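> please find the sequence and the predicted model below.
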Amino acid sequence: MKTMFFTGNGDKGKSGFGKKKFLKDNVLFYALGALDTLNSLLGWCVVEATQLRKKKERDVFTGALHEFQEMLFIAQAEIASIGFCVKNTKKVNNTHIKRLEEIIKDVDKKLPSITKFIIPGGCELATRLDIARASTRDAERAIISFNRSKKCSPELLAFLNRLSSVLFALARLSNHTLGVCEQHPVY
């Protein structure tokens with residue numbers, strides 16, 4: 001059987017789940033969409049990371065980014081289960097947060113201290129990671145808005161906060177690895 005890429009059911013601005021209909025501008029869909037955008041951006045980062053010359057460097061970035069993508073699917077499942085009021089056993093938990101913190105600490109050991117603000121950019125991978133980091137903040141804001149009406153776990157909110165931090169750390173690491181100097185604003 002061929003894949004059905006469209007049904008036409010959403011042409012009037014509503015999406016269905018079971019027998020329920022939701023407006024497509026529902027805060028639930030902003031939260032899910034922000035996570036989907038972020039996951040796509042991480043995939044874009046993986047594509048660039050596969051171009052790194054040294055296998056060890058390639059594996060560090062692609063391995064971490066794939067882990068984050070898997071975690072984002074769990075975050076989406078958690079948000080969807082809350083929004084659609086269905087039972088779900090998949091939730092972001094402290095193990096995910098600790099994993100992000102481990103990566104941040106490991107990366108931090110390899111980098112010079114930050115003494116000034118850093119202008120996003122540098123090498124291609126760092127630039128993509130900076131875009132993904134900014135998108136993480138968008139997802140965090142969307143989920144905070146969703147959280148006003150449907151309560152999310154504190155772990156989910158902490159996870160997004162750490163994810164933006166680890167993406168910042170990886171952007172710095174990619175520039176450092178490739179010998180690209182960080183630029184600082186002069187105001």
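Yep, that arrived. Residues are numbered from 1 along each chain as shown.
> when you work out contacts or count neighbours from here on, use the C-alpha atoms and nothing else.
Will do.
> mind showing which ranges of this structure have poor pLDDT?
Applying pLDDT under 70 to the chain flags residues 1.
> where do the helices sit along it?
For the chain, applying DSSP state H gives helices covering 27-49, 55-83, 94-110, 124-149, 154-177.
> check the gap between the residue nearest the centre of the chain and residue 75 for me.
The centre of the chain sits closest to residue 38, judged by C-alpha atoms, centre = their mean, with a distance of 4.4 Å. According to C-alpha to C-alpha, to the nearest Å, residue 38 and residue 75 sit 12 Å apart.
> repeat for residue 110
29 Å.
> so if I had to pick from these two, which one is more boxed in?
residue 75 (23 against 12; other C-alpha atoms under 10 Å).
> not counting sequence-adjacent ones, nearest residue to the more buried one?
If the residues on either side of it in the chain are set aside, residue 75 comes closest to residue 92, at 5.9 Å by C-alpha to C-alpha, 6 or more residues apart in numbering.
> that neighbour contacts residue 78, doesn't it?
Yes: counting by C-alpha atoms under 8 Å, residue 92 touches residue 78, with 7.5 Å between them.
> residues near residue 166, how many?
Using other C-alpha under 10 Å, residue 166 is surrounded by 24 other residues.
> residue 30 versus the closest residue in space to it that isn't next to it in sequence, what's the distance?
Closest residue to residue 166 in three dimensions, ignoring its sequence neighbours and counting by C-alpha to C-alpha, 6+ apart: residue 104, at 5.3 Å. Residue 104 sits 28 Å away from residue 30, going by C-alpha to C-alpha.
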